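J.: everything below, folded, please.
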Amino acid sequence: MPQVTIEQAMQLASRHYAGGNLRAAGEICRSILDVLPDHAPATLLLGLIAHQKGDQAAAVELLYRSIRLDPACSEYYSNCGGVLRMLGRFDEALACLQQAVALDPDNASALNNLAIELCSRGQHDQAIDAWRRAIALEPRDCRYHQGLGCALTEVGLLDEAIASLQHAIELDADFVPAYSSLLLAFNYHPRSTPAFLLEQHRRFARRFAEPLTAAAAACGNNPDPDRTLRIGYVSGDFRRHSVMYFLEPILRHHDRSAFDVFCYSTCAWADQVTDRLRQCASQFRDIAALDDEAAAALVRSDAIDILVDLSGHMSGGRLLVFARKPAPVQVSYLGYPSTTAMSAIDYRITDAAADPPGMTDAYFSERLLRLPQTFLCYGPPSDAPDVAPPPFEIDDRVTFGSFNMLAKLTPQTIAAWARILAAVSGSRLLLKCGPLGSAPTATRIMAAFAGHGIAADRLILMGHIDSHSEHLATYGRIDIALDSFPYNGATTTCEAMWMGVPVVALAGETHHARVGVSLLTAVGLPELIARDVDDYVRLAVELAQDRGRLTRLRREMRPRMAQSALTDGGRFTRSLEAVYRRIWRKWCARRNCGPA
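T.: Numbering: from 1, shown residues only. The predicted structure is shown next:
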């Protein structure tokens, strides 16, 4: 090493790290530590390098050591907390991040990391406050505006969320995560028309995806229509997450004599569900630390025949991997409700109830593949408690409920629910989701209902419950579940029905407004599907007034689901595999007739 000071060497190591040259940065750090074993900055950077390289045990050890060497430095706690959070060590992460902010309330990076952790705990109001403080300190950092926009989406403040996300894009026009967060927020907004959503997704595709697709090399997969196929699933949710209740039955029932299943996880941390899912796959790849180019190269080297995106623009989505066309056939499924508008994604899986032929096709760039019965296959949770008796039998009044996220509770939805409460004397409404555990958000929701004449004592507001079985047991406090609109529930609807609670849904004209139609049709309850808002209110009120029917539905709902196509994992997966085989044969036919 040239004769330079330790400070100059540290500056050079930092520049190498920022430029992605981890090897050079690490060599300099180790040289510094050879001279000064207790040099905290070099120890910290070496920990971050270990994290980037995937050596998490070494990373945590080094990051904690940097804190012990300089316990008064906020930045060390912030970096350690950020890495611990990505490893799923959330309690340790929170303690580190809180200490970072306590040591330096003006540390914008620490405030950002703390806000991310608070959001994951359902403490969205505190997270919003932290992001606003970070923005006040560093107003031109697009990451803070994006984080704020995501939190505002979660609490249902969609206009503010969209403004924040648009500002993030104004600050950095190449900041892809902000575009994805904005597109997701548009999906929730009640004024977003199908044509508007299509155009917004096309704008994203034109800017970011199409140049990559145009430069992609053709795949050299063997065009044998009948050979064993390699199916790749890409998701940020290979963990305890609502998407996995619908994917796990598929993974468990795939015919391994005809399909090799590869899972590509974009989530940086794992849990017990992840461990279970690993056993269902031929190969399980962690790609969270890979950039899009490297991830696409891995998919291509695995010779995947059909690559399935399960996240879209949701958290953990990696659409720009798909834009590089690493597999010859690419499919959108399950996690995201709208089109990708990307030419690299060929198909989208749905059914005729969620997407009636001719109703929604024009709003998808992908060709719609309609499964014969339902596009969802629900795996009932093993920790579900027994169905509880109808709550009205205990206190002689009907309790309505919804566990959908606040972004789905539009003014129109709240107005309809208020009409239902007004029409059913003594009835109550139980709402449950993470942000409702915070007083400011709960107060805002109560005020929205008060504007329609519904007093606070008619509402029961609940926040997040850590125990999944206790969460499911909460459905025992509900007589009738009210689906949100125009963005329907999916997991919440399935959970309600499995716990014996009938669901009233409103049929809309877009995919995300017709998921309730698909689910209720699959279990043979089309009579609970409303054609308009007035019909929705009428159905809910009439059901509440028919105690005998409520009792019967309570008793019959779980057996009805268990006997339906909605929970028949084997039958569903055979249908899905038939679709995979059909689209693979189409690709082979084109390939065998000329260039793909």
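J.: how about the helices in the stretch 351-500 of the chain?
T.: Using DSSP state H, counting those that start in this stretch, the helices of the stretch 351-500 of the chain run over 392-395, 411-423, 439-450, 468-473, 491-498.
J.: just say which of these is most tucked in.
T.: Highest mean neighbour count among the helices of the stretch 351-500 of the chain (mean count of other Cβ atoms under 10 Å): helix 491-498, with a mean of 24. In short, each C-beta sits where N, CA and C put it, glycine included.
J.: for Gly81, which non-adjacent residue is closest in space?
T.: Cys96 (3.4 Å; Cβ to Cβ, 6 or more residues apart in numbering).
J.: where's the one you found, which helix or strand?
T.: For Cys96, the element it lies in under DSSP states H and E is helix 90-103.
J.: so which bits of that helix are buried?
T.: Going by neighbour count (16 or more other Cβ atoms under 10 Å), the buried part of helix 90-103 is 92-94, 96-101, 103.
J.: got those residues as CSV, with distance to Asp383 columns?
T.: Below are these laid out as CSV (distance: Cβ to Cβ, whole Å):
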residue, distance to Asp383
Glu92, 26
Ala93, 26
Leu94, 25
Cys96, 31
Leu97, 30
Gln98, 31
Gln99, 35
Ala100, 36
Val101, 36
Leu103, 40
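J.: now, among those residues, which is nearest to His124?
T.: Leu94 (15.0 Å; Cβ to Cβ).
J.: tell me the pLDDT at the residue nearest to Gly81?
T.: pLDDT recorded at Cys96 is 96.
J.: what's the distance between it and Gly122?
T.: As judged by Cβ to Cβ, to the nearest Å, Cys96 and Gly122 stand 20 Å apart.
J.: and the helix or strand just after the helix holding Cys96, what does it pack against?
T.: Counting by DSSP H and E, the next helix or strand C-terminal to helix 90-103 is helix 108-120. The contact analysis (3 or more Cβ pairs under 8 Å, 6 or more residues apart in numbering; DSSP states H and E) places helix 108-120 against helix 74-86, helix 90-103, helix 124-137, helix 142-154.
J.: surely Trp587 is in contact with Pro223?
T.: Yes: assessed by Cβ atoms under 8 Å, Trp587 is found in contact with Pro223 at 7.2 Å.
J.: quick one: the helices of the stretch 351-500 of the chain as JSON lines, columns for mean pLDDT too.
T.: Converted to JSON lines, the helices of the stretch 351-500 of the chain look like this (pLDDT from 0 to 100):
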{"stretch": "helix 392-395", "mean pLDDT": "93"}
{"stretch": "helix 411-423", "mean pLDDT": "98"}
{"stretch": "helix 439-450", "mean pLDDT": "97"}
{"stretch": "helix 468-473", "mean pLDDT": "95"}
{"stretch": "helix 491-498", "mean pLDDT": "98"}
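J.: got a markdown table for these, with distance to Ala24 too?
T.: Output for the helices of the stretch 351-500 of the chain, formatted as a markdown table (distance: least, Cβ to Cβ, whole Å):
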| stretch | distance to Ala24 |
| --- | --- |
| helix 392-395 | 69 |
| helix 411-423 | 55 |
| helix 439-450 | 47 |
| helix 468-473 | 46 |
| helix 491-498 | 47 |
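J.: and Thr228, which of these is closest to it?
T.: Nearest of the helices of the stretch 351-500 of the chain (Cβ to Cβ): helix 491-498, 31.9 Å.
J.: list the helices and strands the closest one packs on?
T.: Against helix 491-498 (3+ Cβ pairs under 8 Å, 6+ apart) you get helix 244-253, strand 480-482, strand 503-506, helix 515-522, helix 547-562.
J.: mind putting those into JSON lines with mean pLDDT?
T.: Converted to JSON lines, the helices and strands packed on helix 491-498 look like this (pLDDT from 0 to 100):
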{"stretch": "helix 244-253", "mean pLDDT": "95"}
{"stretch": "strand 480-482", "mean pLDDT": "98"}
{"stretch": "strand 503-506", "mean pLDDT": "98"}
{"stretch": "helix 515-522", "mean pLDDT": "98"}
{"stretch": "helix 547-562", "mean pLDDT": "97"}
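J.: nearest to Leu368, out of those?
T.: helix 515-522 (13.2 Å).
J.: Leu103 contacts Asp70, correct?
T.: No: applying Cβ under 8 Å, one finds Leu103 not in contact with Asp70, separated by 10.6 Å.
J.: just how off-centre is the helix or strand containing Ile49 within its chain?
T.: For Ile49, the host element (DSSP H and E) is helix 40-53. From the chain centre to the centre of helix 40-53 is a distance of 30 Å (Cα atoms, centre = their mean, to the nearest Å).
J.: same check, this time on stretch 174-186
T.: Worked out by Cα atoms, centre = their mean, stretch 174-186 lies 13 Å from the chain centre.
J.: before we move on, back to that, which one of the helices of the stretch 351-500 of the chain lies nearest to Phe246?
T.: Nearest to Phe246, of those and by Cβ to Cβ, is helix 491-498 at 7.9 Å.
J.: the closest one to helix 515-522, inter-axis angle?
T.: Calculated by axes from the mean of the first three to the mean of the last three Cα atoms, to 10 degrees, helix 491-498 forms an angle of 30 degrees with helix 515-522.
J.: tell me what angle helix 491-498 forms with helix 547-562.
T.: Put simply, helix 491-498 runs at 110 degrees to helix 547-562, going by the same axes, to 10 degrees.
J.: can I get helix 491-498 as CSV, trimmed to CA atoms?
T.: The C-alpha trace of helix 491-498 is given here as CSV (Å, rounded to 0.1, in the frame of the first residue of the first chain):
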residue,chain,number,x,y,z
THR,A,491,-56.6,-14.1,1.8
THR,A,492,-59.0,-12.3,4.2
THR,A,493,-62.0,-13.7,2.3
CYS,A,494,-60.6,-17.2,2.4
GLU,A,495,-59.7,-16.9,6.1
ALA,A,496,-63.2,-15.6,6.9
MET,A,497,-64.9,-18.5,5.1
TRP,A,498,-62.6,-21.1,6.6
